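1. Build me a model:
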Amino acid sequence: MIAEVLVLVALPVLLAVAAGWDLASFTIPNFLPIALLAAFALFAPVAHLPLSAIGLHLLAGFLGLFIGVTLFALGYIGGGDAKLFAAVLLWLGFKDILSYTLVASIAGGLLTLGLLLLRQWPLPSALSRRAWIAKLHDARSGVPYGVALAAGAFALLPQTEIFRLAAAA
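-> Numbering: from 1, shown residues only. Below you'll find the predicted structure:
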């Protein structure tokens, strides 16, 4: 039951908060990836993950952090996005890493194209009074990639190993 709550409630809520926070402020506060890490630390024992599986999930998270930090250093994503990517990969592990990366990348591409198109049109005055919408519409602003990272996780969650493990725990 606890494993199900962590996968079906805690994980989606934390991802939704990260996406919303990124959308509104172009930042993902450190407490969100830390909370995802803590939730996984609770999930692993209640889902009866063997130590070898926990090690592989940790390795996937570290790989995600390496990739994320590299993309951050190259200026492609923000630091919060890098940490969120690593936290999601910690949860998903190696079995779902490729499909998640592909789906999150497609979501990021669609988000970027959508923002580029919307930024071509003038922002209605009623919306321009909202600072976060004005910033989102500003062509000099980046892309809140945490939205794509969360969307990728939401899209894949029902097919993931952790979903099956939570149901079996």
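2. C-alpha from now on. contacts and neighbour counts both.
-> Fine.
3. helices or strands up against the helix or strand bottoming out on mean pLDDT in the chain?
-> Scoring the helices and strands of the chain by mean pLDDT, DSSP states H and E places helix 125-128 at the bottom, with a mean of 86. Under the contact definition 3 or more CA pairs under 8 Å, 6 or more residues apart in numbering; DSSP states H and E, helix 125-128 sits against helix 131-137.
4. can you give me the offset of the helix it packs on from its chain's centre?
-> For helix 131-137, the gap between its own C-alpha mean and the chain's C-alpha mean amounts to 21 Å (CA atoms, centre = their mean, to the nearest Å).
5. Show residues contacting the helix or strand following that helix.
-> Proceeding N to C from helix 131-137, the next assigned helix or strand is helix 146-156, under DSSP states H and E. Contact with helix 146-156 is made by 12, 15-16, 18-20, 22-23, 28, 80-81, 84-85, 88, 99-101, 103-105, 107-108, 111, as judged by CA atoms under 8 Å, 6 or more residues apart in numbering.
6. Recalculate using a threshold of 6 Å.
-> Residues outside helix 146-156 that contact it (CA atoms under 6 Å, 6 or more residues apart in numbering): 15, 19, 22, 81, 103-104, 107-108.
7. And stretch 29-43, by the same measure?
-> Contact with stretch 29-43 is made by 3, 84, 87, as judged by CA under 6 Å, 6+ apart.
8. Can you check what pLDDT the model gives the closest residue in space to residue 81 that isn't next to it in sequence?
-> Once flanking residues are discounted, residue 81 sits nearest to residue 146: 5.5 Å by CA to CA, 6 or more residues apart in numbering. For residue 146, the pLDDT comes out at 97.
9. Residue 146: how many residues sit nearby?
-> By the criterion of other CA atoms under 10 Å, residue 146 has 31 neighbours.
10. Quick check: it vs residue 167, distance?
-> Separation of residue 146 from residue 167 (CA to CA, to the nearest Å): 27 Å.
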